[in-house]
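**Q** got a predicted structure here, sequence first:
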Amino acid sequence: MTARLRGSPFDPWQELAQYEAALAKGKYGACSSFVGTMRDFNVGDHVHAMTLEHYPEMTQKYLDTICAEAEQRWQLSGCLIIHRYGEISPGEPIVLTAAWSAHRAAAFDACRYLIEQLKVRAPFWKKELTDAGERWVHNAPGD
Amino acid sequence: MRLKVKFFASLSEHTGLTETTVTSDSEATVLDVWNQATGHQPMPSNTLCAINMSYAHLEDRASDGDEIAFFPPVTGGSV
């Protein structure tokens, strides 16, 4: 399992390929992935840029913990989280979660677990830059 | 006991603090630490806290050398 924080843009598809290349061939039959990308709009406003603040040591601890929990709950061949922090522009990936397993059900469920858990437990805070200035983002149900 | 206290995101702006050190008595709770570090500023109702990078409650007691953090609800990930 791997959980990494990135302070600069990353290519999720390259990261997926690189991680998968290190897994034992023939031991997994499914990979499920989620990529979250920054939008240029939110609650009706144009968003020019975003700053993602975090609590570095606690963030890494919780990403590691969430990966470990997924590996305990499902039989996985691999588990990957990559999350940006700092200045982010619209169109750039913010987060990648992925899980590899023998069959699709575990891969789908584990991948969803990774993103849903990190959204509510990993200490990140978004600040958007809109036409009206900067504002902190508050999560709405379903976000 | 000596404690490191950190504030993040909107709570850092709210208090005007990012990181400070306080010396508290051994019975101090996380709420006591907030009051001491901020000079009894009102705490926003949705404030979260952590002791040594683990989520905690305001009534939890701190120990010497702990790192106490205060922050708003998290907004990571993506839709």
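**A** Good, I have the coordinates.
**Q** going by C-alpha atoms from here, please, whenever you check contacts or count neighbours.
**A** Fine.
**Q** next, count neighbours for the residue nearest to residue A:7 when sequence neighbours are not counted.
**A** Take residue A:7 and drop its neighbours on the chain: the residue closest to it by Cα to Cα, 6 or more residues apart in numbering or on different chains is residue A:85, 5.2 Å away. Residue A:85 has 22 neighbouring residues, counting by other Cα atoms under 10 Å in any protein chain shown.
**Q** who are the contact partners of residue A:99?
**A** A:31-33, A:76-80, A:107-108, A:110-111 (Cα atoms under 8 Å, 6 or more residues apart in numbering or on different chains).
**Q** among these, name the ones in strands.
**A** A:31-33, A:76-80 (DSSP state E).
**Q** compare the residues you listed and tell me which has the most neighbours.
**A** Neighbour counts for those (other Cα under 10 Å) peak at residue A:79, which has 27 neighbours.
**Q** and the gap between that one and chain B?
**A** 16 Å (Cα to the nearest Cα, to the nearest Å).
**Q** what pairs with that residue across the strands?
**A** In this entry, residue A:79 is beta-bridged to residue A:99, by DSSP bridges.
**Q** quick one: it and residue B:5, what's the gap?
**A** Noted for residue A:79: a distance of 33 Å to residue B:5, by Cα to Cα, to the nearest Å.
**Q** which stretches in chain A count as strands?
**A** Under DSSP E, chain A gives strands at A:2-6, A:30-37, A:41-42, A:45-54, A:76-84, A:86-88, A:93-101, A:124-130, A:133-136.
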